[in-house]
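Novice: sequence and predicted structure, then a few things I'm wondering about:
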Amino acid sequence: MFVLVGILVVFGSIIGGYLIEKGNLLVLVQPAELITIGGAAIGSALIANPPAVMKRILAGVLASVKGSPYTKATFLDTLKMLYEFFSHVSKVGMQVIEGEVDAPDKSPVLSKYPKFLADQSALAFVCDTIRTYSSGSMSQHQLDHLMEIDLESVEHEDQTPVSALATISDSLPGLGIVAAVLGVVVTMGSLGGPPEEVGHKVAAALVGTFLGILLCYGLVGPISSNMTKLNEGRAQYYQCIRQGLLSFLDGSSPILAVEFARRSLPADLRPTFKDLEETCRNSKKA
């Protein structure tokens with residue numbers, strides 16, 4: 001929601017300042033300029049990116065509007081899930097868990113967390129790590145390196161649509177100049193006509209440059225930055241799970257393993273020790 005508020009502030013401030021100077025708002029309404037800039041930007045994006053990246057760009061923009069799903073409550077719920085899962089593994093043994101990670105929707109622990117099950121990437125990260133460890137052919141260092149490679153792949157996948165959107169943002173001022181040049185060409189063809197008509201065409205050409213710069217620095221660029229922040233939250237989510245898994249598979253108790261996971265979180269997203277202890281205690285009683 002903060003993204004929508006920011007967009008309203010940007011456009012409200014610009015339009016408000018323009019009206020204070022007694023500008024004619026209708027002059028800024030130039031559909032032809034918007035079609036030229038917007039269509040060219042979308043077309044260049046289609047040229048530069050495959051359909052999968054375009055879908056991720058759209059998904060990233062929608063996610064920016066919705067806000068980050070990785071809140072303090074999300075991390076507390078994830079730590080609770082890890083604690084219950086680690087406790088379950090300690091109780092039933094790794095051989096039983098091998099069957100559960102093959103069908104996580106039937107696991108008595110994982111099935112209680114539908115949001116985690118819906119995140120296929122995070123679910124695969126946990127299940128594949130457990131499968132690899134249960135094979136008994138890897139050292140702790142190798143397992144850590146394997147998870148690091150997995151996280152680097154996730155981060156690269158997340159960064160691809162951000163880079164593509166940033167490229168689109170950088171192209172908008174140039175496309176605005178293209179629209180302005182076309183407007184000048186049209187204006188030159190009307191020289192000798194009424195001064196009002198010539199003035200209107202010159203204003204329309206300048207609006208092209210204005211729109212290109214505004215869309216770059218006031219809309220598309222900030223959304224690209226917001227997507228980067230969302231990706232950082234996802235990376236922290238994976239790091240939290242990674243630290244918990246490493247600690248538990250290295251022999252730590254379930255409660256100590258989730259404490260390692262908690263300590264890996266930044267201060268603004270980290271649940272307090274008291275909250276985690278109370279959550280784990282209530283989970284154990286249940």
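Specialist: Received, thanks.

Novice: output the longest helix belonging to this protein.
Specialist: For the chain, the helix with the greatest residue count under DSSP state H is helix 140-189.

Novice: show me what it is packed against.
Specialist: Helix 140-189 sits against helix 31-48, helix 51-66, helix 120-134, helix 195-215, helix 221-249, with contacts defined as 3 or more Cβ pairs under 8 Å, 6 or more residues apart in numbering; DSSP states H and E. In this view, the C-beta of every residue, glycine as well, is placed from N, C-alpha and C.

Novice: which stretch in those helices is the model least sure about?
Specialist: For the helices and strands packed on helix 140-189, mean pLDDT drops lowest on helix 195-215, to a mean of 84.

Novice: roughly how far apart are the closest residue to Leu206 other than its chain neighbours and Ser171?
Specialist: Closest residue to Leu206 apart from its sequence neighbours, by Cβ to Cβ, 6 or more residues apart in numbering: Ala180 at 6.5 Å. In this view, Ala180 and Ser171 are 15 Å apart by Cβ to Cβ, to the nearest Å.

Novice: ok, Thr36 - how many residues close by?
Specialist: 21 (other Cβ atoms under 10 Å).

Novice: with the one 4 residues further on instead?
Specialist: Counted with other Cβ under 10 Å, residues neighbouring Ala40 total 18.

Novice: and the residue lying closest to it once chain neighbours are set aside, what does it touch?
Specialist: Among residues not flanking Ala40 along the chain, Leu175 sits closest, at 4.8 Å (Cβ to Cβ, 6+ apart). Residues near Leu175 by Cβ atoms under 8 Å, 6 or more residues apart in numbering: 36-37, 40-41, 44, 212.

Novice: now those residues in a markdown table, with distance to Asp102?
Specialist: Below are the contacts of Leu175 laid out as a markdown table (distance: Cβ to Cβ, whole Å):
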| residue | distance to Asp102 |
| --- | --- |
| Thr36 | 54 |
| Ile37 | 51 |
| Ala40 | 49 |
| Ala41 | 46 |
| Ser44 | 45 |
| Gly212 | 53 |
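
Novice: which among those gets closest to Leu165?
Specialist: Using Cβ to Cβ, Ala41 is the member of the contacts of Leu175 that lies nearest Leu165, at 10.4 Å.

Novice: and stretch 50-65, which residues are buried?
Specialist: Residues of stretch 50-65 classed as buried by neighbour count (16 or more other Cβ atoms under 10 Å): 53-54, 56-57, 60-61, 63-64.

Novice: from the helices and strands packed on helix 140-189, which stretch is densest packed?
Specialist: Across these, averaging neighbours per residue (mean count of other Cβ atoms under 10 Å) puts helix 221-249 on top, at a mean of 20.

Novice: and that one, what other elements does it pack with?
Specialist: Against helix 221-249 (3+ Cβ pairs under 8 Å, 6+ apart) you get helix 2-20, helix 51-66, helix 72-92, helix 120-134, helix 140-189, helix 254-263.

Novice: hmm, 6 Å instead?
Specialist: If you count contacts as 3 or more Cβ pairs under 6 Å, 6 or more residues apart in numbering; DSSP states H and E, helix 221-249 packs onto helix 51-66, helix 140-189, helix 254-263.

Novice: ok so, going back, any idea how far the residue nearest to Ala40 lies from Ser169?
Specialist: Relative to Ser169, and taking Cβ to Cβ, Leu175 is found at 11 Å.

Novice: same check on Val207?
Specialist: 19 Å.

Novice: also Asp275?
Specialist: From Asp275 to Ser169 the distance is 39 Å (Cβ to Cβ).

Novice: these two: which is more packed in?
Specialist: Ranked by neighbour count (other Cβ under 10 Å), Asp275 and Ser169 place Ser169 first, with 20 against 14.
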